[in-house]
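A.B. asks: Have a look; sequence and predicted model below, questions after that.
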Amino acid sequence: MAGFEPIIGHSVALRLLGTLLARGSLAHALLFSGKAGLGKLTISRLLAMALNCDKRDLIGENKKGNEKFFPQRVPCKNCRNCRSIIAGNHPDVIVIDNKNKPIKIERVRSLIAALSMKVYGTGSKVAIVKAAHMLTLQAANALLKVLEEPPGNTIIILTAPHANDLLPTIVSRCQQIRFGSVNIETLANWLVGKVSGLDMEQARVLAAMADGRPAKALELANGGIAQRDRLLSMSGLDGKLTANKMDLISVLAWAAHMSASPETIDNRLSILETWLRDLVVASINPDLLINKDRSEDLIAMASKTDPEQLLDCFDAVCSARRQLEANANRRLALEVMAMRLTKLLQHGFNQP
Ligand SMILES: [Zn+2]
């Protein structure tokens, strides 16, 4: 189904939603918290379908076995309502997805106006605000008013990485449902079935690199292993570059390569983090490696490297991530990170 990924994992959250739906005790405002890429938006849309599906009356018939009830029984994903929610054009389901950019008050005002209108179909109005931590203060305060006095027959779902990222007054008005990482083995199995030509070992690497996030793992599977190898080779972190080759020009070229496509920076930083973590782990317990397909390289490099230096490298990556999250200059933050890493590498395993 285009634009609608199947759900994997999250059995606790789904069971809870199923129970709340079956009992009719779903709050009018929900907060789905958890890292990006776990499937919070997909499950929000699934819930919107459950509330609007033509066959939603099954809710009443299935009260006994409600652990199986959601999402298996409801919604059908095939009726007119379900299909138009999947296609993103259902008049009663409004999704605000500002691609991680600030969500301004005008957007919230138009949402409020849409919610004040009569329900078009026979189900409920559902508003989904993706990445609600990106609401500006004004926008958040405007939304708060709707959460305080919601229009009838309306469910508002907010998604965010952590409840702490939102105004406490907003959080206190929401029923919070937390989403955790999907188990690596479950995710790897799912990936193997989904991506042709992927073997289980590679799938485990990708699942771990994605930190148990299905959407992220899928994104990485499309060229993730090759992207990792290219990045490690450019950075010299695979130990194959000699110190004198890592001149300033190559370091800056590497930073430019990373900053060129902003949407992949998060992946690239994750690759560096898991690699550095593996270098620390390699000398202690190789069974715990994430990049298992490169275990020989990792063990050889780890034997030549001081763990203290690796921790400094890790710190360089983490502080670049923090700066980027705080909207620092992207290119500059990555250049500083690249220079710090190179300096550390030149004193570590690239020594002739
Ligand atoms: Zn349906």
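C.D. replies: On my side now, so go ahead. Numbers count the residues shown, from 1 in each chain.
A.B. asks: list the contacts for the residue of the stretch 201-350 of the chain found nearest the ion?
C.D. replies: Residue of the stretch 201-350 of the chain nearest the ion, by C-beta to the ion: residue 214 (22.9 Å). (Glycine included, C-beta is placed from N, CA and C.) The contact partners of residue 214, taken as C-beta atoms under 8 Å, 6 or more residues apart in numbering, are 5, 8, 9, 37, 38, 39, 182, 187, 190.
A.B. asks: got JSON lines for these, with neighbour count too?
C.D. replies: Formatted as JSON lines, the contacts of residue 214 follow (neighbours: other C-beta atoms under 10 Å):
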{"residue": "5", "neighbour count": "14"}
{"residue": "8", "neighbour count": "18"}
{"residue": "9", "neighbour count": "20"}
{"residue": "37", "neighbour count": "20"}
{"residue": "38", "neighbour count": "27"}
{"residue": "39", "neighbour count": "22"}
{"residue": "182", "neighbour count": "24"}
{"residue": "187", "neighbour count": "26"}
{"residue": "190", "neighbour count": "19"}
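A.B. asks: Return the closest of those residues with respect to the ion.
C.D. replies: Closest to the ion, out of all of the contacts of residue 214 and judged by C-beta to the ion, is residue 5, at 17.4 Å.
A.B. asks: and the strand or helix carrying residue 227, how far out from the chain's middle?
C.D. replies: Following DSSP states H and E, one finds residue 227 within helix 224-235. Averaging C-alpha positions (C-alpha atoms, centre = their mean, to the nearest Å) puts helix 224-235 21 Å from its chain's average.
A.B. asks: looking only at pLDDT, what's the mean for the next helix or strand after it?
C.D. replies: Sequence-wise, the next helix or strand downstream of helix 224-235 (DSSP H and E) is helix 248-260. The pLDDT scores in helix 248-260 average 86.
A.B. asks: Off-centre distance for helix 248-260?
C.D. replies: Centre to centre, stretch against its chain (C-alpha atoms, centre = their mean), the figure for helix 248-260 is 26 Å.
A.B. asks: Quick check: closest non-adjacent residue to the one residue in the stretch 151-300 of the chain that gets nearest to the ion.
C.D. replies: Using C-beta to the ion, residue 155 is the residue of the stretch 151-300 of the chain that sits closest to the ion, at 16.6 Å. Using C-beta to C-beta, 6 or more residues apart in numbering and skipping the chain neighbours, the partner closest in space to residue 155 is residue 126 (5.0 Å).
A.B. asks: Just give the number of residues close to that neighbour.
C.D. replies: The number of residues packed near residue 126 is 26, by other C-beta atoms under 10 Å.
A.B. asks: With the one 5 residues further on instead?
C.D. replies: A count of nearby residues for residue 131, using other C-beta under 10 Å, gives 22.
A.B. asks: separation between it and residue 50?
C.D. replies: 22 Å (C-beta to C-beta, to the nearest Å).
A.B. asks: Okay, and residue 339 sits in which element?
C.D. replies: Using DSSP H and E, residue 339 falls in helix 330-346.
A.B. asks: Render the CA-only coordinates of that helix in CSV, please.
C.D. replies: Extracted C-alpha coordinates of helix 330-346, given in CSV (Å, rounded to 0.1, in the frame of the first residue of the first chain):
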residue,chain,number,x,y,z
ARG,A,330,25.5,22.7,9.3
ARG,A,331,28.6,22.9,7.3
LEU,A,332,30.6,24.5,10.1
ALA,A,333,29.5,21.9,12.7
LEU,A,334,30.5,19.1,10.4
GLU,A,335,33.8,20.7,9.5
VAL,A,336,34.7,21.0,13.2
MET,A,337,33.7,17.4,13.8
ALA,A,338,35.7,16.2,10.8
MET,A,339,38.8,18.1,11.9
ARG,A,340,38.5,16.8,15.5
LEU,A,341,38.2,13.2,14.3
THR,A,342,41.1,13.5,11.9
LYS,A,343,43.3,15.0,14.5
LEU,A,344,42.5,12.1,16.8
LEU,A,345,42.9,9.5,14.0
GLN,A,346,46.4,10.9,13.1
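A.B. asks: which residues sit against stretch 260-272?
C.D. replies: Counting by C-beta under 8 Å, 6+ apart, 209-211, 216, 219-220, 224, 227-228, 231-232, 235, 237, 258-259, 317, 320-321, 324, 330, 334, 341 sit against stretch 260-272.
A.B. asks: Ok, stretch 150-170 next?
C.D. replies: So stretch 150-170 is in contact with 26, 28-36, 40-41, 44, 47-48, 51, 115-116, 119, 124-133, 135, 137, 140-141, 143-144, 146-147, 171, 174, 176, going by C-beta under 8 Å, 6+ apart.
A.B. asks: Kindly give a single PyMOL line that selects the buried subset of the residues you listed.
C.D. replies: Only the buried entries of the contacts of stretch 150-170 go into this PyMOL selection, using 16 or more other C-beta atoms under 10 Å:
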select buried, resi 26+28+29+30+31+32+33+34+35+36+40+41+44+47+48+51+115+119+124+125+126+127+128+129+130+131+132+133+135+140+143+144+146+147+171+174
